[in-house]
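Enquirer: Take a look and give me a structure for this.
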Amino acid sequence: MRDEDFKTFITNAGEAIAQREPSPITVSKYRGVLPDALLKYWEEEGWCGYADGLFWTVNPDDYKHVIDQWLAGTEFDGIDNYHVIARSGFGSLYAWGERYNRMLTVSCATGSIVALKSKLQTPEKQPDLALQTFFAMFDRERFDLEDEEGHFLFEQALDNLGPLTEREIYGFAPALFLGGKCRLNNLSICDMDVHLTLLRQMR
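Expert: Predicted structure coming up:
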């Protein structure tokens, strides 16, 4: 049964557009590593795409090499062991630390990591509540990007390029952190793993 926080999430994001069921072995692997509330969502909902593919819940195993690449050599490297629990349609990664139960965001499109280092090292006393709040506070604009005229890009990309699959993102070329413009005509559908790896190598 859905808790009130997830019901609020569904109200804001809509029902899933794609779903993959996790194996009991994978759920068991993350027992005691990630919040019980998240594992409950996995068991009841699966790993899914929401909001027309703007937001995805994911198998952390599929993203471990990517998050480790992006954190390597940064000030956040070694603070915690991070696991990606969700990602956006533009390739932003939302990673949960197993030691302190704090989340950081890697915005691969802009080449930046969003987090307060001091807070990352302060243990979260209520990890389940923090996780549930992350979902309950879902807002499409939070996961979208604005073009140069202040218009959100996701719906434009969806209409012009078509929907994303589980392993795809809308990627910019040239990369934004290399001077590329945040425009619809600079977007294309990319293989997520390949694109995010290339972006890290360029960064």
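
Enquirer: hey, let's count contacts and neighbours off CA atoms from now on
Expert: Fine.

Enquirer: Would you agree P123 is in contact with G97?
Expert: No - if you go by Cα atoms under 8 Å, P123 and G97 don't touch, sitting 9.8 Å apart.

Enquirer: Same drill for the two, tell me which one is more crowded.
Expert: G97 (20 against 14; other Cα atoms under 10 Å).

Enquirer: what are the phi and psi angles of the more buried one?
Expert: phi -90, psi 130 (degrees, to the nearest 10).

Enquirer: Can you classify the residue nearest the centre of the chain as helix, strand or coil?
Expert: In the chain, the centroid-proximal residue (Cα atoms, centre = their mean) is R87; its distance is 1.8 Å. For R87, the assignment made with DSSP: H, G, I helix; E, B strand; the rest coil gives strand.

Enquirer: which residues touch it?
Expert: Applying Cα atoms under 8 Å, 6 or more residues apart in numbering, we find R87 in contact with 55-58, 93-94.

Enquirer: Y63 too?
Expert: Y63 sits in contact with 83-84, where contact means Cα under 8 Å, 6+ apart.

Enquirer: mind listing what Q132 touches?
Expert: Contacts of Q132 (Cα under 8 Å, 6+ apart): 5-6, 37-38.

Enquirer: Let me know the secondary structure of the residue lying farthest from the centre of the chain.
Expert: Distance from the C-alpha centroid of the chain, by Cα atoms, centre = their mean, peaks at E149 (25.0 Å). Secondary structure, three-state DSSP: E149 is coil.

Enquirer: all strands of this structure, in order?
Expert: 18-20, 47-50, 55-57, 82-88, 92-97, 103-107, 112-114, 168-172, 187-191 (DSSP state E).

Enquirer: Adjacent strands (with direction) for the first one?
Expert: If I follow you right, that is strand 18-20. When pairing is defined by DSSP bridges, strand 18-20 lines up against strand 47-50 (antiparallel).

Enquirer: mind exporting the lowest-mean-pLDDT helix or strand in the chain as PDB, just the C-alpha atoms?
Expert: Scoring the helices and strands of the chain by mean pLDDT, DSSP states H and E places helix 117-120 at the bottom, with a mean of 87. C-alpha atoms of helix 117-120 as PDB (Å, rounded to 0.1, in the frame of the first residue of the first chain):
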ATOM      1  CA  LYS A 117      30.100  19.200   2.200                       C
ATOM      2  CA  SER A 118      29.600  19.900   6.000                       C
ATOM      3  CA  LYS A 119      26.000  18.500   5.800                       C
ATOM      4  CA  LEU A 120      27.000  15.400   4.000                       C
END
